[in-house]
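*Asks:* Make a model of this:
(2 chains)
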There are 2 protein chains.
Amino acid sequence: MSETEINNNITALFNPETVAVIGASESPRKLGYHVMKSLTDGGFEGRIVPVNPGSTEIMGIPSSPSIDAFPDPIDLAIVVVPAQVVPKIFEECERKAIKGVVLITAGFKEIDDPSGDQQQMALAKIALKAGIMVLGPNTFGMVNLHKNLNASFTPDFSSAKKGGVSLVSQSGGVSHLLAFMAMRQGVGLSKVVGLGNRLNVDFAEILPYLMEDAETKVMVFYLEGLDDPRRLMTAAKANKGKKPVIAIKTGNSKTGDKASLSHTGSMAGNHKIYEGAFRQAGILHADSIESALDLAQALVICPPPKDNRIAVLTAQAGPGIAACDVCEAMGLEIHPFKPETQAIINKLLPPLAIRTNPVDMGPVWLDPLSINNIIETVMEDSTIDGIILLTTYASANLELLANISDLLIKWNQRKPLITCLASPPGVWDREVADLEKTGAIFNLPTPERTAKAMAGLCSYGVLARERD
Amino acid sequence: MSETEINNNITALFNPETVAVIGASESPRKLGYHVMKSLTDGGFEGRIVPVNPGSTEIMGIPSSPSIDAFPDPIDLAIVVVPAQVVPKIFEECERKAIKGVVLITAGFKEIDDPSGDQQQMALAKIALKAGIMVLGPNTFGMVNLHKNLNASFTPDFSSAKKGGVSLVSQSGGVSHLLAFMAMRQGVGLSKVVGLGNRLNVDFAEILPYLMEDAETKVMVFYLEGLDDPRRLMTAAKANKGKKPVIAIKTGNSKTGDKASLSHTGSMAGNHKIYEGAFRQAGILHADSIESALDLAQALVICPPPKDNRIAVLTAQAGPGIAACDVCEAMGLEIHPFKPETQAIINKLLPPLAIRTNPVDMGPVWLDPLSINNIIETVMEDSTIDGIILLTTYASANLELLANISDLLIKWNQRKPLITCLASPPGVWDREVADLEKTGAIFNLPTPERTAKAMAGLCSYGVLARERD
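*Replies:* Numbering: from 1, shown residues only, chains lettered A, B, ... in the order given. Below is the predicted model:
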């Protein structure tokens, strides 16, 4: 298939009008039941076709005994039948000119038996000949939130917030984990994609598609091992700096690597080599699931910094020092202010205070006007590329947040601003949520996490600048 | 002062019957107001004495014009008057034989002026002569939750859950941050202590006290720099393995170090040297505020592992691989099971599955009895010292958690068990909360964090064994 054909067919896969569920079921013990539930509960507006030779109706929807027997075109087939039946299903898909398959069925390349590999190759042959793009085998499916299409066995994905982050993973478990964390943190999602054992849709195919996808602003990839890492790196390089791509790479330990081979059928391989390749290809490397999601959200909310000169403004010195440590360790510069900026701050803060960057605003924490003016003057300083604002509640500064809210909203991330506004439960929660809703702040629970996210933003800033 | 005298006086400081607030106020613009509010709202059962020459009553409590003028004994004085008045107050404290002072007032050693240092030394002289133990200057105060004593300017601390974690910090900001995170995560607290600029109560004095304190199970120290690190290390070494001590150390970067000097009056100093000293002294080193709190809670809930042989049981392979990576990187061993254990697992899992450690229970996730039996057989395996259990919800395994709850409760952390039970908001939340309430599980949001916490547990296990 040509690149254009691949892209067109993947587009069709994510935007079907008619979806067939091969192996649809009314028994909650079967995955075919959960897939049907995902489609129907998810509010998919196209046509749903349950396929099952033993039924005439499933969940109140008329079913077809086979793909062949269905009179109208089908765009996407979700396959949940046993492995041995899958080749026959693929042949039916070919006859029906179906361009997209979500192959949930497991038991191919990942099994400890050469027959699994052979069967997967046989399927790949049919798919290639017929121009079918296949997610899986051994996938939970995929979700296109903006189309209300939940083509997975997990109906709960449908209640995620619609947004700009697309999650693509070799591991269904990690996809679920990432999506659930996103749901709990209010991160908006675009696509959730389980590549499974990647018959013919791998990261290298999904990346160019998502680069063109209007709804995707940021990609998060979870990968263990790739059979041919060069393909992904080539695709990434060609799109370097166009949209952020964040990779979480596991399988770096002895046992992790071994388990990954059994899991995805690919050796995870040398971590250092991957790190270098990611850097060259312009893929941002996250050291954990948590920091990948932090960075993804930062990239959706904040503009990329022009350079790595960061200001740390803190209402209490300690958290500022914790943030500076991480900033410097990750190559950011806690940069001196312009003389004009420093002069204004010197007027606002008493001589005893730490008035240079990182600025300890503690001495004026009962004076919201001064806090406001310090933040604003740093925002306007052209030698500062990003701001970390740390403010921990204490009874005496209860009004602080309310008093700086207008400034933060007015500023509206003209230069990236990441905050750690910390408070006891029930205090400041509404104010922080309101600020988050307007997109004025991206708030994280610890100073270290703000600094890490800022470092990721700066790395992407470099890539975006290089592209311009 | 002798060690015994110091310990007795610190004990008195944390367990006063009569508390005077020097600088009590009815104006919310004054810290003396917030301190009064903390004491009264916190439900302190002893006597509260507001001291203010200009009042006869504050918040409905009869006040005294001075310490001298108060007829009865005072055990603890919380001082919130301007710096220049403090020496006079200290002399009054000496006359009154007050043994504990919380000196909230700032403007001593941390100021950029030699007079600050001199004044602090003068105060230290009085304190030494009079046998007064002083928290501060420049502290937010302290809280002894089990005594309903909130001797700080933050009334909200009183609503923290009572428990076994004591937080001791050089930074008020970090104390607040840690305490608020603990409150949000349901971590029970014992003492929250702001050392401030450590007139004569430093980590070296607080550590032996908390080692004897029945309510403290685990200590978390936040430190930037110490004038004489040897004193802390000596105190820690003498108590090695008695109770866990976790240290977060910042001020490791160029700017962090500089800011720390202005903040606490001490150079933060070389990070590597501190790391080595912590190791020798049996202090557990946490790389972030987040992991310090994770580890503290793990140490409260889980028994210390006998050795570092860990089992990873996972309902989905990917999260298991992520956990194994961190386990191995932190020196844990993903250890082979006993042949008997492996034989049982082999019977329960199909041949295709990853059946050795890390065990992928995915193939039987719809079969709660098999999951139960796998977990139980690994729990009983004497060659396994700790278990990481990772289970991500999917619609088809909704009942999984309910089905293993009895086993987890029965097991009751006989061997440490850390979980990552991940689900969309509203699903499994009650079940997880119930399990947490019984202490059956310690649950964390990502596999990496479970592994990190387990590694910390194992480090403490070594120290505890060496002591036995």
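*Asks:* any idea which helix or strand of chain A has the worst average confidence?
*Replies:* Here the helix or strand of chain A ranked lowest by mean pLDDT, DSSP states H and E is helix A:254-264, holding a mean of 70.
*Asks:* Show me what counts as buried in the helix or strand just after that helix.
*Replies:* With elements assigned by DSSP states H and E, the helix or strand that comes after helix A:254-264 is helix A:271-281. Under the neighbour-count criterion of 16 or more other CB atoms under 10 Å in any protein chain shown, helix A:271-281 has A:271, A:274, A:277-278, A:281 buried. (Each C-beta comes from the backbone N, C-alpha and C, glycine too.)
*Asks:* Tell me the gap between helix A:271-281 and the middle of its chain.
*Replies:* Its chain's average C-alpha position is 19 Å from that of helix A:271-281, according to CA atoms, centre = their mean, to the nearest Å.
*Asks:* Run through who's touching it.
*Replies:* A:229, A:232-234, A:236-237, A:240, A:247, A:249, A:252, A:283-285 (CB atoms under 8 Å, 6 or more residues apart in numbering or on different chains).
*Asks:* Low-confidence ranges, the stretch 351-468 of chain A, go.
*Replies:* The model of the stretch 351-468 of chain A has pLDDT under 70 over residues A:352-353.
*Asks:* what are the ranges of the strands in it?
*Replies:* Using DSSP state E, counting those that start in this stretch, the strands assigned to the stretch 351-468 of chain A run over residues A:359-360, A:386-392, A:417-422, A:442-443.
*Asks:* Just list what the third one packs against, helices and strands only.
*Replies:* What it means is strand A:417-422. Strand A:417-422 sits against helix A:317-329, strand A:386-392, helix A:400-411, strand A:442-443, helix A:447-467, helix B:172-185, with contacts defined as 3 or more CB pairs under 8 Å, 6 or more residues apart in numbering or on different chains; DSSP states H and E.
*Asks:* how much does it deviate in direction from strand A:386-392?
*Replies:* Strand A:417-422 runs at 10 degrees relative to strand A:386-392, counting by axes from the mean of the first three to the mean of the last three CA atoms, to 10 degrees.
*Asks:* starting at the chain centroid, how far to strand A:417-422?
*Replies:* Remark: strand A:417-422 is offset 21 Å from the chain centroid, using CA atoms, centre = their mean.
*Asks:* residue contacts, residue A:235?
*Replies:* Per CB under 8 Å, 6+ apart, neighbours of residue A:235: A:203-205, A:207-208.
*Asks:* wait, is it part of a helix?
*Replies:* Yes - counting by DSSP: H, G, I helix; E, B strand; the rest coil, residue A:235 is found in a helix.
*Asks:* after the strand or helix carrying residue A:88 comes which helix or strand?
*Replies:* Counting by DSSP H and E, the element that carries residue A:88 is helix A:86-95. Scanning forward in sequence from helix A:86-95 by DSSP H and E, the next helix or strand is strand A:100-103.
*Asks:* what about the strands in the stretch 1-150 of chain A?
*Replies:* In the stretch 1-150 of chain A, the strands defined using DSSP E, counting those that start in this stretch lie at A:18-22, A:47-51, A:57-58, A:61-62, A:76-79, A:100-103, A:133-135, A:141-144, A:149-152.
*Asks:* Wondering if whichever helix or strand comes after the last one reaches chain B at all.
*Replies:* Right, the one you point to is strand A:149-152. Downstream of strand A:149-152, the next assigned helix or strand under DSSP H and E is strand A:162-169. Yes - applying CB under 8 Å from any CB of the partner chain, one finds strand A:162-169 touching chain B at residue A:169.
*Asks:* counting contacts, what elements does strand A:162-169 pack onto?
*Replies:* Contacts defined by 3+ CB pairs under 8 Å, 6+ apart place strand A:162-169 against helix A:172-185, strand A:189-194, helix A:203-212, strand A:218-223, helix A:289-301.
*Asks:* what's the neighbour count on residue A:396?
*Replies:* Neighbours of residue A:396 under the rule other CB atoms under 10 Å in any protein chain shown: 18.
*Asks:* In contact with the nearest residue to it once chain neighbours are set aside, which residues?
*Replies:* In space, and not counting its chain neighbours, residue A:396 is closest to residue B:34: 5.3 Å by CB to CB, 6 or more residues apart in numbering or on different chains. Residue B:34 is in contact with A:394-396, B:28, B:153-155, counting by CB under 8 Å, 6+ apart.
*Asks:* Okay then, goodbye and thanks.
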